[in-house]
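>>> Provided below are the primary sequence and the corresponding predicted coordinates.
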Amino acid sequence: MMNKLICAFGLYLILSIPAWALDDGGNQRLAAIQQRWAEVQYQVPEKQRAAEFEKLAAQSGAFTRSAPQAAEAWIWHGIVTSSWAGAEGGLGALGKVKDARAALERAIQLDPRALQGSAYTSLGALYDRVPGWPVSFGDEEKADQLLRKALEINPTGIDSLYFWGDHLFRQGHPDQAREALLKAKAAAPRPGRELADQGRRQEIDALLQEIQKD
């Protein structure tokens, strides 16, 4: 009986511990990718973004290879790759959005709550924004499920609320979208993510203006 209890407790510990914990070097690498993404997304001229995201995708891909069990690495490889696809546009981007989806799905397998559920947020945004079948995998219902899951994990996050508001607006619910976006705008600042927060708030304001015109 005691051996069964010990085994059960050991299994509980295994299941409750995240798949991988980044060391100081890994956290610094993650922060550098996050900062560079914000610089490219919000400061680099639009015509130059695809080339800069391509460089950053090489870095984030190397991060996943050096830390293959770290959900954080896969999340940010997915974010960078999807941003690269968005900057490039056209049919050539379709392969990249599939790669981004695979990276985010891998992150969820490893640790669905990593970075406050960011994989669900980014994956939901992908399903919301890419073309549907037969061109690509876009699916409004799947996006809705993923974005709701992101909100369950992080109900007050600027990103989870922004993409939920964007989704609601796309679905023809402007009043609910406005409510979500105002909550996003009031979200607590993220230490070390000041540039990303500033850029996201500008996107929130732009979407609120669009809703006002609608």
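Yep, that arrived.
>>> need the contact list for the most centrally placed residue in the chain.
With distances taken as C-alpha atoms, centre = their mean, S122 lies nearest the centre of the chain, 3.0 Å away. Neighbouring residues of S122 by C-beta atoms under 8 Å, 6 or more residues apart in numbering: 75, 78-79, 82, 100, 104. All C-beta spots, glycine's among them, are computed from the backbone N, C-alpha and C.
>>> Sort out for me which of these are in helices.
Judged by DSSP state H, the contacts of S122 include 75, 78-79, 82, 100, 104 as members of helices.
>>> Let's have these in CSV, adding pLDDT.
CSV is the format used below for these (pLDDT from 0 to 100):
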residue, pLDDT
I75, 98
G78, 98
I79, 98
S82, 97
A100, 98
L104, 98
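>>> Let me know the closest of those residues to D111.
Set against D111, the nearest of the ones in helices among the contacts of S122 by C-beta to C-beta is I75 (9.3 Å).
>>> R190 - how many residues pack around it?
Close neighbours of R190, defined as other C-beta atoms under 10 Å, add up to 15.
>>> Quick check: pLDDT value at it.
With respect to pLDDT, R190 scores 96.
>>> go on, L91?
Model confidence at L91, given as pLDDT, is 81.
>>> and it, how far is that from A125?
Per C-beta to C-beta, to the nearest Å, L91 is found 20 Å from A125.
>>> Tell me which of those two has more neighbours.
More crowded of L91 and A125, by other C-beta under 10 Å: A125, with 23 against 10.
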